[in-house]
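Q: Would you be able to build a 3D model of this:
(chains A, B and C)
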Amino acid sequence: MSNQHEHHEHFILPVKLGIFVWFALIIGTIITVLVAQVHLGEWNFAVAMAIATVKAALVVTYFMGMKYETNDNRVIAVSAIIFSVIFFVLTATDLFFRKDGVYVQKGDLEAWAALGADSQTLKFKKPWVSSDELVAHGKKLFDMQCATCHGSAGKGDGPASGALNPKPRNFTQASGLKNGRKPAQIYGTLQKGLGTMPSFGSLPKDDLWALAHYVSHFGPDVLKDSNADLKKVGIDPSKEDGGLGGAGSKVLPIDFAIELMSEDS
Amino acid sequence: MAIVASERKHSEHFNSAEHEFVSSKQGMWLFLLQEVLFFAGLFVAYGIFRALNPEMFHAASQMLDVKMGALNTVVLICSSLTMAFAVRSAQTNQTKKTTMYLIVTFLLASVFLVVKYFEYSHKFHVGLLPGQYFTNTELTDPKSGLFFSLYFMMTGVHGLHIILGMLVILWLVRRSSRNEFGSNYYTPVELFGLYWHFVDLIWIYLFPLLYLID
Amino acid sequence: MSSEHHGDVNYLNHEKGLKSWLTTVDHKRIGMMYLFTVLFMFLIGGIFALLVRLELFSTGPTIIDMNTYNQYFTYHGTIMVFMVVIPLIPAAIGNFVLPIMLGAKDVAFPRLNLATYYIYLVGVLVACTTLFLNGVDTGWTFYTPYSIRTSTSTTLVILGAFILGFSGIFTALNFIVSIHKLRAPGLTWDRLPLFVWASYATSIVQMLATPVLAITLFLLIFERLTGIGIFDPKLGGDPVMFQHFFWFYSHPAVYIMALPAMGIVSEVIPVHSQKPIFGYKAIAMATFGIALVAFIVWGHHMFVSGQSELANFVFSLLTMFVAVPTGVKVFSWIGTMYKGSIRFNAPMLYAMAFLFIFTIGGLTGIFLATVATNVHLTDTYFVVAHFHYVMVGGTLMGFMAGFHHWFPKMFGRMYNESAALVSGFLVFVGFNVTFFPQFILGAQGMPRRYYDYLPEFEALNRVSTVGSMMIGLGFVFSAIYLFKAMKSGPKASANPWNGKSLEWETTSPPHPHNFHDQPVVTHGPYDFIEQGE
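A: Residues are numbered from 1 along each chain as shown, chains lettered A, B, ... in the order given. I've put the predicted structure just below:
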C-alpha cells in the first residue's frame, strides 16, 4: 500500500443528507411498530428484520461513511457479518437438529434399574427357537450389518466383497458355512468371529440368534439344533431364560448414574 | 498544553497526519469488528432459544413496554444525528458547534439511560428477573426466566456501551472546548462517532427482537 | 543491560532504569517484557505439569491428594493455554520482529501496545491470585454445568481469562493495521516475509474469535453470580451450547498457536538452507486457508457431547479439510530443504523437530476427526497426546526455533551452539518419550484427567513421567546457557545467518528506531542465490 502519501478528500456529511437519513430512520421505526400490531404470522419477524436491516444500512452507509471508505475497511465490516452468520448456522446444526427421545433420560435409567442390574433386556423369549418374527428381525439386522460383505442374498457378493481375500462364503450352498449350518453353529461363529470376519459378540444375544436363524434360511434346507448343539454355545434349554441372564455382561451401576443425574439437574 | 489543531504534528512512525488518520480509522473499524463478534454471542443465544421456544418468547415479550422501547429508539437515532453533526462541525472548523453537538449527544444518551432505568425498575418490581430470580406469576412457562436473562444481558451489555461512550464524550467535550479539534485534526471525534453509530445500530436490532415479537 | 558500553546506541542501552522499561512504547522493549513474563508463566505452568506427571508415576496416591490433583491439571492447562502458548509467539517474538520486518519505526499504535502488556499482566494476576484462595478444578475448558456449581474461586479465573482475551485482541488489531499501513517503500504484498503473513492470518483469527470467548466467559460469570440460566439445564438453558460458544473461540485458538509457529518455520528453513522458499504463494494462501477452516470445525470437540447427528456429520466432514492447507505447507518446507545447503544448527534442528512432531500431531488428528474412532478415543490420553503434539510440539518447537534464530538480533550476542544442541536433544527426545506412550495408553482406554489408573497402565505412565523430567531438564539447561549468552556471549554481527529479510539489515541489537534511515525494499525476503547444479 504505497498510497500512504496521497491525500484523500475526507467525506463530510451534508446537513440535508444527515437530516434525510435521520428522517428515514424515524419513519422506519414508526413502520416497525405499526407492522408489529398487524398479525402476519411468521412474516412479522421477516418484515421487522428487513426494516431493521435497511435502517442499519443507512446508518452504516452515511453516518459511518462506509460509502466513502476504503476497500480494506469494507472487507472488515463484511467479515464481521459473515463470521457471525457462520457462528449461528453451525451452532444451529446442533441445536435445531437434535432428535427427541434419543437421549437417555432419568426415566429411562429408572426403568432399566427396575429390571435389575443383571437382566439383559431381551426382546424375544427363547430366541434359540426359530420363529417368523425372529427371522424377519434377523433380515433387518443382516441387511444393516452383514450385507455389505455377504451380499443381501447371502451369496458372498456384497459390494465390499471384492476387497476381501478369501471371499465371503456363499450361504446358499450346502457346504457354504465352515462351522456348519445349524443356527447354534452360526451363533457360535457370530460370537467368536471367523478368519477376516470380526466377532459380533457385542450385539445383544437375541439379535445374534435372530441373525443365525435368518442366515440358516439361505441354505438349501433349514436345519434344527439339538439340545447338545445348544449346550455347546452355552444355552440351557431346560431353563426359561436359557441361562442367558447375567451372562457376565458388565452393566453401568445404575443407582450411581441416577444419583449423579438427579444431583446435576 | 492545548494544541491548536493546525499545528498538530503526527506521530513519528507515520509519514503524515493523513497516514496516521487512515491508520487510526482502520484500527477503529477493527475494534468494531470485535464488538460485532462480541454481541454475536448474545444474538446467537437469542436466535437459538427463540427458535426453540417461540410461544414463551411471544408471551414474555408482551411484558415489555413497546412505547418505552420505541421512545428509546428515537432518542438513540437523534443522538446518532447529533453525533454525525458533531463530526461534521469539527471537519468544517466550527469548534463551538462541535462542543455543542457533543453535549446534546451526551444529554440524549442520558435520556436513554433514564428511560432504561424506569423500564428496569418496573421489571424488578414485578419479578421479571433473569433465570433463578424470576418470580413473576403471570407468565406460566417455566422457561420464561430465560427470556429475561437474554433481555437483561443484551440491553445490559448495550447499556454498558452507552455508559462507556458517555465517559468518552465528556473527554471529547473537554478537549473540544480547548479548541483541540478542527479541520486538520478531528480523529478522536470521528472515531468516537463510528463507535456511537455502532451502539445505535445494535439497538436498531434489539428493539424489534425484544419488544416486537408477534 | 550490559556493563560495557559499545559506543553504538541500541534499544537496550539508550535508556536505563526500571521506569524506562515500564513506560516504554518501543515495540522491541514491550516484546522483551512479554518474552520474560510469558517465559516465567511457562515455568509456573511447567512446574504444575511436572507435579501432575509425578503423581501419575505410580498407581494410587503418590504425592498429592485427588482434589489437589484436579486443581494442578486445571492450572497447568489454564496457564499454558491462555497465558503461555497463545501470547508466546505473537506477543513476544511478533512484537519484536514484525515491525522491523515491515521496515517500520514501531507498530501502528505504540501506546495501545504497551496497554496490552498491562492488560495481560492484570489478567495473569487476577487468575493466579486464586492459587492462594480456593483454587479452581474445572479443567481449562470451564465446561458447564460443573463450572456453574463448583464452589471454588472459579469466577476469578474466568475473569482472568476474559481480561487476557482483550490483550490478544488489541495486539492483533495493532498488527493488522501495522501490516496494512506501515510497510516500507517497496515492500509489496508478494515481498512480505512469511512470518508476517502468518502473523497477519493469526491476528485476523484472533480478532474474530476472541470476542466470542469474551462474551461466553462474561455470560458464565453472570451464570455463576446471578444464575441467568443460559447454560444451565436446570433453568431451561443448554450446557452444550456453552461448548459451542467456547469452541468457536478455542478451536481457532489452536491456529492462533500454530500459525505463528508455522511462520517461524517458514523463516528459519529457507535462511538455514540458504535457498529460496519453495511455494511462497502456496504457503501464504495455505496460511489463510487454515485460518478460514479454523472457524468451521469446532464441533469436532463435541462428538460425544450429545450434539445432533447432523452436526457430528458436518463437523467431521469439514474437519478433514484442515489436512489440505497443512499438507501444502509441510511439503513446501520439505521442498525448500531439498538440495539446500543446510546448516544443522539449533534453529534449523528445532524447525525440523517441529516438522516431525507437528506432522505426528496432525496425522493423529485424523483419528479424532472421524466420529467413529473419536467415540472410542474421546477423553482418553490419546487426545492428551494429540494436542500436546500439536500445541507443545508445534508452538513450542516453533518458538524455540525462532528464539534461537533471532536471539543474536534481540541481544546482539551469540549463544553457545553445542549447549543449544544438547538441550534441544533433551527436549526433543524427552517430548517424544513423554507423549508417545500416551497415544498407546489412550488407545488402550486410559481416561484423561483421572487421578488414578489401572495397574496395567503403570509401565507406560512411568516412561511418560521420566520423559517429562527430560523436558524439564532440557528447558532448565536452555535457560542457563541463554542467560549466560545474554550477559557475556560473543558479540553477534548484524546478519549472522545471511538472511535476506529486513530485520537482518539493521544492527544487532537494533537502533531504538529500528533503522537509521528508512529502508527501501528491492528484493524478496528469500532471494538467496541458488546453489550450483
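
Q: didn't C:Ile64 look like it was pressed against C:Leu50?
A: No - C:Ile64 lies out of contact with C:Leu50 (CB atoms under 8 Å); the separation is 12.0 Å. In short, each C-beta sits where N, CA and C put it, glycine included.

Q: Mind listing what's buried along the strand or helix carrying C:Gly430?
A: Secondary structure assignment for C:Gly430, by DSSP states H and E: helix C:417-443. For helix C:417-443, the neighbour count (16 or more other CB atoms under 10 Å in any protein chain shown) marks C:419-420, C:423-424, C:426-428, C:430-443 as buried.

Q: what do you get for stretch C:222-242?
A: Using 16+ other CB under 10 Å as the burial criterion, the residues of stretch C:222-242 that qualify are C:222-224, C:226-232, C:235-242.

Q: can you list contacts of that stretch?
A: The contact list for stretch C:222-242, computed with CB atoms under 8 Å, 6 or more residues apart in numbering or on different chains, reads A:91, A:94-95, A:264-265, B:45, B:48-49, B:53, B:130-133, B:142-143, B:145-146, B:149-150, B:152-153, C:143-145, C:147-148, C:154-155, C:158, C:216, C:219-220, C:302, C:305-307.

Q: In PyMOL, select just the buried ones from those.
A: Buried residues among the contacts of stretch C:222-242 (16+ other CB under 10 Å), as a PyMOL selection:
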select buried, (chain A and resi 91+94+95) or (chain B and resi 45+48+49+53+130+131+132+133+143+145+146+149+150+152+153) or (chain C and resi 143+144+145+147+148+154+155+158+216+219+220+302+305+307)
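
Q: Out of the contacts of stretch C:222-242, list just those in strands.
A: Applying DSSP state E to the contacts of stretch C:222-242, no entry is found in strands.

Q: B:Phe112: how many residues sit nearby?
A: 24 (other CB atoms under 10 Å in any protein chain shown).

Q: the longest helix in the chain is where?
A: Here I'm looking at chain A. Scanning chain A for the helix with the most residues, using DSSP state H, yields helix A:71-95.

Q: other chain: chain B
A: Every helix in chain B considered (DSSP H), the longest is helix B:17-52.

Q: how distant is it from the center of its chain?
A: The chain centroid and the centroid of helix B:17-52 are separated by 12 Å under CA atoms, centre = their mean, to the nearest Å.

Q: One more: stretch A:225-245?
A: Counting by CA atoms, centre = their mean, stretch A:225-245 comes out at 36 Å from the chain centroid.

Q: Output it as CSV - backbone C-alpha positions only.
A: The C-alpha coordinates for stretch A:225-245 follow below in CSV (Å, rounded to 0.1, in the frame of the first residue of the first chain):
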residue,chain,number,x,y,z
ASP,A,225,-30.5,-77.6,16.7
SER,A,226,-30.3,-80.5,19.1
ASN,A,227,-30.0,-79.8,22.8
ALA,A,228,-26.4,-80.8,22.6
ASP,A,229,-25.8,-78.1,19.9
LEU,A,230,-27.4,-75.5,22.2
LYS,A,231,-25.4,-76.6,25.2
LYS,A,232,-22.2,-76.1,23.1
VAL,A,233,-22.9,-72.4,22.8
GLY,A,234,-23.9,-72.0,26.5
ILE,A,235,-27.7,-72.3,26.2
ASP,A,236,-29.6,-74.5,28.7
PRO,A,237,-32.9,-75.1,27.0
SER,A,238,-34.5,-76.5,30.2
LYS,A,239,-34.4,-73.1,31.7
GLU,A,240,-36.9,-70.3,30.8
ASP,A,241,-34.1,-67.8,30.1
GLY,A,242,-31.8,-70.4,28.7
GLY,A,243,-29.3,-69.4,31.4
LEU,A,244,-28.6,-66.3,29.4
GLY,A,245,-29.5,-63.9,32.3
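
Q: if you average pLDDT over it, what comes out?
A: In this model, stretch A:225-245 carries a mean pLDDT of 75.

Q: Repeat that for stretch C:515-522.
A: 90.

Q: In that stretch, which residues are buried?
A: In terms of neighbour count (16+ other CB under 10 Å), stretch C:515-522 has its buried residues at C:515, C:519, C:521.

Q: The second one reaches C:Glu505, doesn't it?
A: Yes - counting by CB under 8 Å, a contact exists between C:Pro519 and C:Glu505, whose distance comes to 6.1 Å.

Q: What are the buried residues along the longest helix of chain B?
A: The neighbour-count check on helix B:17-52 (16+ other CB under 10 Å) flags B:18-50, B:52 as buried.

Q: which regions of the chain lie under the pLDDT threshold?
A: Chain wasn't specified; assuming chain A. Along chain A, the model assigns pLDDT under 70 to residues A:1-9, A:100-122, A:240-265.

Q: not what I meant, chain C
A: Applying pLDDT under 70 to chain C picks out residues C:1-7, C:530-533.

Q: Would you mind finding the longest helix in it?
A: Chain C, longest helix under DSSP H: helix C:239-273.

Q: and the longest helix of chain B, average pLDDT?
A: In the prediction, helix B:17-52 has an average pLDDT of 94.

Q: Compute the inter-axis angle for it and helix A:71-95.
A: 20 degrees (axes from the mean of the first three to the mean of the last three CA atoms, to 10 degrees).

Q: residues in contact with residue 93?
A: Just so you know, I chose chain A. C:299, C:308, C:310-311, C:314-315.

Q: Actually, chain B is the one I wanted.
A: Neighbours of B:Asn93 in contact, by CB under 8 Å, 6+ apart: B:182-183.

Q: again, but for B:Ile162
A: Neighbours of B:Ile162 in contact, by CB under 8 Å, 6+ apart: B:109, B:112-113, B:199.

Q: What helix or strand is it located in?
A: helix B:144-177.

Q: Next, see if the helix or strand that comes right after that helix gets close to chain A.
A: Later in the chain than helix B:144-177, the nearest helix or strand by DSSP H and E is helix B:187-206. Yes - using CB under 8 Å from any CB of the partner chain, we find that helix B:187-206 touches chain A at B:193-194, B:197-198, B:200-201, B:204-205.
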